[in-house]
Structures are given as structure tokens and as C-alpha cells.
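Peer 1: Pasting the sequence and the predicted model now:
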Amino acid sequence: MGKKKPGWVPPHCPNPNCLYFKNPEHRWPYKRKGFYYRRRRPYCIQRFTCLACGRQFSRQTFSTTYWQKRPRLIPAIFSLVVGCMGNRQIARALGCSPSTVAHHIARLGRHCMLFQAQELDRVALTGDVAIDGFESFEFSQYFPFHHNVAVNVDTGYILYHTDSPLRRKGRMTPYQKQKRAELEARYGRPNPRAVEVGVKELLETISEGRASMTVRSDDHRAYPRAMCGINCQFTHRITSSKERRDQRNPLWEVNLLDLMIRHSTAAHKRETVAWTKRRQASAEKLSIFQVWRNYVKRRWENGPDVSSAMLEGLAPRRVSIGELLRDRLFPGRITLPPRWRLYYDRRVKTAALAVNR
């Protein structure tokens with residue numbers, strides 16, 4: 001008789017206060033403790049007990065579908081979010097509640113932040129980086145904001161993103177000016193240096209551990225100020241925003257990224273009813289788009305079958321959505337950048353909303 005095939009082995013203790021949570025030794029003391037049964041596959045789930053802290057858990061604890069009644073919704077919602085469908089459209093297509101879709105999108109956004117944060121440490125980043133501010137609005141057009149994004153020029157790999165609330169600008173009627181003044185008196189005026197703060201945090205994160213870096217951007221006046229005080233030598237190459245935005249433009253990659261965000265996300269379409277109600281939700285959807293663009297989507301539609309992560313040397317092949325969502329990621333084991341820590345904890349507030357859950 002052959003040897004019995006070993007079963008699934010838990011990678012670590014799920015208890016953040018346990019000694020074997022972050023650095024489990026080879027002889028992690030745990031034992032199997034029976035099974036429990038459920039109505040969906042796999043029907044039989046193995047239970048375990050950590051002998052160090054006494055925490056009881058199961059194999060499902062390490063799955064992205066833990067505590068889910070309809071686990072098949074997760075990969076479907078992932079695909080439809082980057083397929084330019086609004087929350088209510090997704091709910092109608094999948095036969096569920098819009099609130100269920102919103103909760104799953106928040107869950108997917110947190111998972112993608114953790115996935116991208118652990119991958120960011122592996123990026124070599126030898127080429128130029130292009131940065132830009134993707135402008136949208138939350139709640140109404142009186143509350144615009146920037147998604148500050150950074151992309152590797154050579155591979156199209158999206159590195160990081162932050163946000164900056166803005167003051168409404170541009171041509172306005174007397175009534176609109178009066179309403180803007182009333183809203184600012186009620187909720188406060190956005191920080192006039194918010195773009196500088198957001199871009200500074202963006203550059204600090206992607207330049208960590210690097211002595212020098214070449215950054216491409218347009219002629220926004222806040223970008224040179226944001227580079228001051230960072231422990232990195234920046235070479236700043238400025239391209240006028242009035243130049244033709246084709247493939248010969250030095251900012252082609254970040255301009256293409258802005259186009260792809262608007263093309264793939266319903267909230268950023270022109271004249272849409274699916275506009276962003278909360279900046280927090282917009283950041284979560286952008287994190288989903290970031291992982292999809294880096295690891296799932298082809299780099300070129302009519303070119304070789306490679307992804308941006310493959311060109312960065314981070315993946316041997318394009319990753320499927322099922323592979324991305326196979327294993328649960330624990331926030332205590334992955335260090336999140338400061339802004340993404342706020343996103344993960346859902347602490348970004350929309351001033352016009354009395355309740356920010």
C-alpha cells in the first residue's frame with residue numbers, strides 16, 4: 001500500500017495575537033479537529049485548533065469567500081466592475097441586492113490593496129515613472145477630487161494611487177457660485193494644497209529605498225513642490241498638457257491609463273447616473289482596476305499575450321481572476337502604505353454625507 005496523501009496544511013495561525021501568525025515555524029503546533037458540512041462545494045470543511053493560542057479555525061478561514069452565502073458572486077462582480085457596469089446594473093445581472101454588490105466591491109477593493117501592496121515591494125522600477133491626476137467628483141460636481149496615479153512608462157504597470165479633494169473651479173453661473181459658497185460654509189473648504197500633499201505621499205511610497213528616479217508629468221505647479229523634502233533625487237521631465245496626446249507624447253502611458261480608467265469604470269463616464277457617491281468607494285474600485293490592469297489584462301490587445309506584471313518580472317503568465325481570489329490575505333501580515341491603510345479601514349469621509357459607514 002502506498003503512503004497516504006497529506007491533506008491541506010494551514011500556512012499560519014489566523015489569530016493576529018498568536019506567535020505563529022506572522023512567522024510560523026516548521027513545527028507549528030496545531031491539530032485537526034473534525035469537520036463541518038455545508039450546502040455548497042466543497043461540502044466537507046476541515047477544522048483545526050492552534051495548540052499555541054487555542055484559536056479554532058477551518059480551511060474556509062483562509063478563503064476569500066469566508067462568511068459568504070453566495071461565494072460565486074465574488075469573481076463575477078470583479079469582472080463586471082472593470083467591465084464598466086454600475087452597481088445596480090451588476091445587481092440586476094446577478095440577481096442580488098445593490099447593497100450586496102456594494103459590500104462585495106468594498107471587500108474586493110481591500111483584497112486588491114493587500115495583493116498590490118505585497119507586490120509593490122518586488123517591483124525593480126528601473127525606468128521612468130509618469131504621474132498624473134485623474135479628476136472626478138464625489139456626491140455632486142461641487143465636490144471634485146483627483147486620483148493621483150503613478151505608472152511605469154516601460155511596462156504600463158500601475159504602481160500606486162492616492163486622492164486629493166479639490167475646490168470646484170471653472171466657469172459657473174452666479175447661482176452656482178452662491179451654492180458653492182454655501183456648501184463651503186457648511187462643510188469647509190478643501191485644502192488648497194491637497195494635490196501637493198497627495199502627490200508627495202504618492203512619490204514617497206514609490207521612491208522608498210531608491211536613491212534617484214526620473215518622473216514625467218505635465219506642468220501642474222504642485223508637482224515640483226511635492227518633490228521637495230523627499231529622500232530621493234528626482235529628475236523631473238515636464239511635458240505641456242496642451243501637446244498632442246498620441247503615442248509620441250512622453251506622457252502617453254499615464255494618458256492611456258486615464259483613458260482606461262474612464263473606459264472601464266462606470267462612475268467616471270461623461271454624463272452618467274453612476275457617478276461616485278463616496279470617494280472611499282472610488283478608491284476601492286480603482287484598486288480593483290489596478291490589479292486587473294496589471295495582472296489580468298493583456299498589455300496590448302493585438303500584441304503578444306503578456307501582462308504588465310509579466311514585463312515587470314512579477315508573474316510568469318497572465319493571472320486569472322480565480323487565481324487572484326484563491327487565497328485570503330491578512331492585513332496583519334502585509335504592510336500597507338499610509339493612504340491605503342486609510343482606504344482599508346474605510347476612514348475616508350465624504351463631507352456632504354452625514355453618515356459615512
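Peer 2: Thanks, I have it.
Peer 1: Show me the strands in the stretch 101-250 of the chain, by range?
Peer 2: For the stretch 101-250 of the chain, the strands defined by DSSP state E, counting those that start in this stretch cover 129-137, 144-152, 158-165, 212-217, 233-238.
Peer 1: and the first one, what does it pack onto?
Peer 2: Which is strand 129-137. When contacts are defined as 3 or more CB pairs under 8 Å, 6 or more residues apart in numbering; DSSP states H and E, strand 129-137 sits against strand 144-152, helix 194-206, strand 212-217, helix 252-264. From N, CA and C alone the C-beta is placed, and that goes for glycine too.
Peer 1: buried sites along that strand?
Peer 2: Going by neighbour count (16 or more other CB atoms under 10 Å), the buried part of strand 129-137 is 129-134, 136-137.
Peer 1: Stretch 105-125 now?
Peer 2: Per 16+ other CB under 10 Å, stretch 105-125 contains these buried residues: 105-117, 119-120, 123, 125.
Peer 1: got the CA positions of the helix ranked longest in the chain in CSV?
Peer 2: Taking DSSP state H as the criterion, the chain has its longest helix at helix 98-120. Listed next in CSV are the C-alpha coordinates belonging to helix 98-120 (Å, rounded to 0.1, in the frame of the first residue of the first chain):
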residue,chain,number,x,y,z
PRO,A,98,-27.3,46.6,-4.8
SER,A,99,-26.2,46.7,-1.2
THR,A,100,-24.7,43.2,-1.6
VAL,A,101,-22.8,44.4,-4.7
ALA,A,102,-21.5,47.4,-2.8
HIS,A,103,-20.3,45.3,0.1
HIS,A,104,-18.6,42.8,-2.2
ILE,A,105,-16.9,45.6,-4.1
ALA,A,106,-15.5,47.0,-0.8
ARG,A,107,-14.3,43.5,0.1
LEU,A,108,-12.6,43.1,-3.3
GLY,A,109,-11.1,46.5,-3.0
ARG,A,110,-9.5,45.7,0.3
HIS,A,111,-8.2,42.3,-1.1
CYS,A,112,-6.7,44.0,-4.1
MET,A,113,-4.9,46.6,-1.9
LEU,A,114,-3.3,43.9,0.1
PHE,A,115,-2.3,42.0,-3.1
GLN,A,116,-0.8,45.0,-4.7
ALA,A,117,0.9,46.2,-1.6
GLN,A,118,2.9,42.9,-1.2
GLU,A,119,3.7,43.0,-4.9
LEU,A,120,5.0,46.6,-4.8
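Peer 1: Are there helices or strands packed against it, and which ones?
Peer 2: helix 73-81, helix 87-94, helix 279-291, helix 338-344.
Peer 1: In CSV: those, plus mean pLDDT, distance to residue 242 and mean neighbour count.
Peer 2: Below are these laid out as CSV (pLDDT from 0 to 100; distance: least, CB to CB, whole Å; neighbours: other CB atoms under 10 Å):
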stretch, mean pLDDT, distance to residue 242, mean neighbour count
helix 73-81, 97, 33, 20
helix 87-94, 97, 37, 18
helix 279-291, 97, 27, 24
helix 338-344, 96, 30, 18
